[in-house]
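Trainee: Requesting a structural model of the entry that follows:
(one chain, ligands or ions: 2)
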Amino acid sequence: MTAPLTFSPEVQDALSAGAPVVALESTIITHGMPYPQNLDMARQVEQVIRDNGAVPATIAVMGGRIHVGLTDEALETLAQTPPDQAMKLSRADLAVCLANGRTGATTVAATMICAHLAGIRVFATGGIGGVHRGAETSFDISADLQELAQTPVTVVAAGAKAILDLPKTWEVLETLGVPVIAYGQDDLPAFWSRASGIKAPLRMDSADQIAAAATMRARLGLKGGQLVANPIPQDAEITADVIGPVIEQALSEAEARRIAAKEVTPFLLQRIFELTEGRSLASNIALVLNNARLGAQIAIAMTR
Ligand code: PSU
Ligand code: MN
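Mentor: Residues are numbered from 1 along each chain as shown. Ligands and ions are numbered 1, 2, ... in the order given. The predicted structure follows:
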């Protein structure tokens, strides 16, 4: 009995040859961005990984199988699937979705699980889930954090999404023993902004160092992955003074409308997109591409 994995020919060839592969998630496509920008982003991000010498493996669940590497047709179908028709898959939902033959988009947590099953050690995305503001009453803490603590995949993100309670998110990661590594700066990045005012627990300045740390973690028998927090490129950033009030407004609307559980993150991202007239989406795409580039470099370093 093995996991129901279906590899695209490109990913299959790369993995058999020991060539660098970077996993990509699909919730960002179905629940994180509107069509058609989501499709455009998904294609661009794959291209950036190829241009940087690695092979992209976008992961999604369709027809009872975990697909590792999607055809352009599958990517298009997924991008056009309304959020209420694709399950948003975390660790809790993955097996149910597969067993019932439903379509599902993988979050950071589920993508890590699938990447690990497929033998992929690096994964690039936008921002991880984390501790939501008000978690002291809602208990809303993303399963992404637990996953980083147990599954050996290096995740490249632009930090945790700034809609979250960032200090609490970093505290939980520390408790869980997850290395949080700021890339090329001392400060932890805050998704749409380069700076958060919070000093990162760890800093690294090269893909080689990040790859070496992942290998050492395995040699020590320590379970879990690493989070690489890669700041958004300067020309794409929205500084905290601009994005902050927008986040506040989106959060109070979510509260007034009693948005809860899995709907919270998609609702906030959509409202922030509307309130910034698309600027937040342009930044989100820029940071994903930037993370894909670093992800490719790390995957290459890991094959050396
Ligand atoms: N990064 C983005 N956009 C997104 C996400 C990440 O730029 O939509 C998704 C990821 O799939 C992440 C999920 O795992 O949001 C977190 O959702 P929640 O807060 O419900 O755990
Ligand atoms: Mn949640």
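
Trainee: When you work out contacts or count neighbours from here on, use the C-alpha atoms and nothing else.
Mentor: Noted.

Trainee: residues in this structure within reach of ligand 2, list them.
Mentor: Within reach of ligand 2 by Cα under 5 Å from the ion, the chain has these residues: D140, S142, A261.

Trainee: so what's the closest residue to the first one other than its chain neighbours up against?
Mentor: Leaving out its chain neighbours, the residue that sits closest to D140 by Cα to Cα, 6 or more residues apart in numbering is H132, at 5.7 Å. By Cα atoms under 8 Å, 6 or more residues apart in numbering, H132 lies in contact with D140, I141, S142, I163, L164, D165.

Trainee: before we move on, the earlier item: check the residues of the chain next to ligand 2 against ligand 1, which are close?
Mentor: Restricting the residues of the chain next to ligand 2 to those near ligand 1 by Cα under 6 Å from any ligand atom leaves S142.

Trainee: which one of the residues of the chain next to ligand 2 is nearest ligand 1?
Mentor: Checking the residues of the chain next to ligand 2 against ligand 1 with Cα to the nearest ligand atom, the nearest one is S142 at 3.8 Å.

Trainee: Please tell me I have it right and N291 contacts V155.
Mentor: No: using Cα atoms under 8 Å, N291 is not in contact with V155, being 9.3 Å away.

Trainee: intersection of neighbour lists for those two?
Mentor: By Cα under 8 Å, 6+ apart, the residues touching both N291 and V155 are A124, T125.

Trainee: Surely D187 and S196 touch.
Mentor: Yes: using Cα under 8 Å, D187 is in contact with S196, at 6.5 Å.

Trainee: if you count what's nearby, which of those two comes out ahead?
Mentor: D187 (21 against 18; other Cα atoms under 10 Å).

Trainee: any idea what sits nearest that one, other than its immediate chain neighbours?
Mentor: Counting by Cα to Cα, 6+ apart, the residue nearest D187 is K199, at 4.4 Å.

Trainee: any idea how far V131 is from the residue nearest to F7 when sequence neighbours are not counted?
Mentor: Spatial nearest neighbour of F7, chain neighbours left out: V68 (4.8 Å); criterion: Cα to Cα, 6+ apart. Using Cα to Cα, to the nearest Å, we find V68 at a distance of 29 Å from V131.

Trainee: cool, and F123?
Mentor: Counting by Cα to Cα, the gap from F123 to V131 is 21 Å.

Trainee: In terms of neighbours, single out the busier of those two.
Mentor: Shown here are F123 and V131; by other Cα under 10 Å, F123 has more neighbours (30 against 27).
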